[in-house]
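Engineer: give the three-dimensional model of this entry:
(4 chains)
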There are 2 protein chains.
Amino acid sequence: MSRTPIPKRLKEARDRVGLSQTELGVAAGMDPSGASPRMNQYERDRHVPDFQTVKRIAAVLGYPVPYFYAEDDDLAEILLHLGKMDDDARSTVLADLRKSACRG
Amino acid sequence: MSRTPIPKRLKEARDRVGLSQTELGVAAGMDPSGASPRMNQYERDRHVPDFQTVKRIAAVLGYPVPYFYAEDDDLAEILLHLGKMDDDARSTVLADLRKSACRG
DNA sequence: CTGAATACTAAGGATTCCTTAGTATCTTTG
DNA sequence: CAAAGATACTAAGGAATCCTTAGTATTCAG
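Structural biologist: The predicted structure follows:
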């Protein structure tokens, strides 16, 4: 059993952009000589990257950080959609949710 | 500067339910003798709790896990709303977002 | 003020990670 | 196929971080 959703989310995301483990690690600012084992350890659930590392990887991929911590697939997909929106669109989503919350 | 959004999110959440640091830690399954310093270290940004710990705390509070990893306040609030919904309502949100994404 | 509850801190043993030095597997291409 | 290059993967140990212990500081009710 995996310790965090990171291995799964990382692989999903990396496969989509079509980068190697090393390439993604280097793009996220890792030392090129150590990027390969580090990224592999993250994806194989041997080690857990710290928050700053997740943040840099998320930035490279254009994904919101919380996506990598979502165990639920639906919530993960919602986070992907939210990540693609501009601030305005996201504010609208938030406003809608606030209204729904009042009614419900 | 904080290393993760966890201290901020944790304090927000704990203040709302009105539990002490120790109480929340114990409720999340920590050894009562060590719950106080651990929770305090998390809230004061001295240490970062591992994922399983965040998950247990989130479960006690009824918050979705990714909320604790959201730096953006709007996204954090959206996650709170999503956390309060049942699976049906969340599926509807996801379906709406998929449609919006297609329209561009 | 006094006591109880809560918040907080230092320090070190325990745990986990990052780096180094590789091996294994897959994918061309001659 | 065979060789070569790219990609994926692993072990092990020094480096970094955390959890536990043993407290001190602060807040608050009586």
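
Engineer: now A:Pro66. Nearest residue, chain neighbours left out?
Structural biologist: Closest residue to A:Pro66 in three dimensions, ignoring its sequence neighbours and counting by Cβ to Cβ, 6 or more residues apart in numbering or on different chains: B:Pro66, at 3.5 Å. Every residue, glycine included, has its C-beta placed from N, CA and C.

Engineer: now do A:Thr53
Structural biologist: A:Ala28 (7.0 Å).

Engineer: that neighbour and A:Leu19, how far apart?
Structural biologist: A:Ala28 sits 10 Å away from A:Leu19, taking Cβ to Cβ, to the nearest Å as the criterion.

Engineer: and the gap between the closest residue to A:Leu61 other than its chain neighbours and A:Leu79?
Structural biologist: What sits nearest to A:Leu61 in space, not counting adjacent residues and going by Cβ to Cβ, 6+ apart, is A:Ala13, at 5.0 Å. Distance of A:Ala13 to A:Leu79, given as Cβ to Cβ: 11 Å.

Engineer: list residues touching both of these two?
Structural biologist: By Cβ atoms under 8 Å, 6 or more residues apart in numbering or on different chains, A:Ala13 and A:Leu79 have these common neighbours: A:63, A:67.

Engineer: okay, the two: which has more neighbours?
Structural biologist: Residue environment comparison for A:Ala13 versus A:Leu79 gives the larger neighbour count to A:Leu79, 27 against 20, counting by other Cβ atoms under 10 Å in any protein chain shown.

Engineer: center of chain A - which residue?
Structural biologist: Nearest to the mean C-alpha position of chain A, by Cα atoms, centre = their mean, lies A:Phe68 at 3.7 Å.

Engineer: work out for me the element the closest residue to that residue other than its chain neighbours sits within.
Structural biologist: If you skip the residues right next to it in sequence, A:Phe68 has A:Arg9 as its closest partner in space, 4.7 Å away by Cβ to Cβ, 6+ apart. Secondary structure assignment for A:Arg9, by DSSP states H and E: helix A:6-17.

Engineer: run through the neighbouring helices and strands of the following helix or strand past that helix.
Structural biologist: Under the assignment DSSP H and E, the closest C-terminal helix or strand after helix A:6-17 is helix A:21-27. Secondary structure elements in contact with helix A:21-27, counted by 3 or more Cβ pairs under 8 Å, 6 or more residues apart in numbering or on different chains; DSSP states H and E, are helix A:6-17, helix A:35-43, helix A:51-61.

Engineer: how about the residues of chain A that lie near chain B?
Structural biologist: Residues of chain A lying close to chain B by Cβ under 8 Å from any Cβ of the partner chain are A:3-4, A:48, A:50-52, A:64-72, A:74-75, A:77-79, A:81-82, A:84, A:87, A:89-91, A:93-94, A:97-98, A:100-101, A:104.
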